[in-house]
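[1] pasted the sequence and its predicted model underneath.
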Amino acid sequence: MAKSPTFKLNKKAIAELAKGAAAQAVVTSVANDIAAATGIEAEVVEYTTDRAVAAVKVRAFDQAADGVLSRAAASAGIHIATK
């Protein structure tokens, strides 16, 4: 019987990819789409932790009163779970 193929995960390479410019571009593009879908003034902030990150900021009142950010994220296919 043939031996099953093996796979070794290269965590260092994955970490480098997750922090890279290409990953940041993808994440920021999605954040920009979400910001545009809010229909109000929204700010996109890029930063890096252990991976590329982008945040979309709206006024707390707009989110609390109308859920603009939750709806915009849903329109981009992102599921928002609440506790």
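    Everything's here; your move.

[2] quick one: name whatever helix or strand follows the lengthiest helix in the chain.
    Using DSSP state H to define each element, the chain has its longest helix at helix 21-38. Tracing the chain C-terminally past helix 21-38 and defining elements by DSSP states H and E, one meets strand 43-48 next.

[3] how about that next one: buried residues?
    Burial within strand 43-48, assessed by neighbour count using 16 or more other Cβ atoms under 10 Å, is assigned to residue 44. Glycine gets a C-beta too; all of them are placed from N, C-alpha and C.

[4] what angle separates that strand from helix 21-38?
    160 degrees (axes from the mean of the first three to the mean of the last three Cα atoms, to 10 degrees).

[5] quick check, central residue of the protein?
    The residue lying closest to the centre of the chain (Cα atoms, centre = their mean) is residue 27, at 5.0 Å.

[6] quick one: contacts for it?
    46, 52-54 (Cβ atoms under 8 Å, 6 or more residues apart in numbering).

[7] and residue 80, how far from residue 63?
    For residue 80, the distance to residue 63 (Cβ to Cβ, to the nearest Å) stands at 11 Å.

[8] neighbour count winner among the two?
    residue 63 (17 against 10; other Cβ atoms under 10 Å).

[9] where does the residue of the chain most remote from its centre land on pLDDT?
    Using Cα atoms, centre = their mean, the residue of the chain lying farthest from its centre is residue 1. It sits 44.2 Å away. Note for residue 1: predicted pLDDT of 72.
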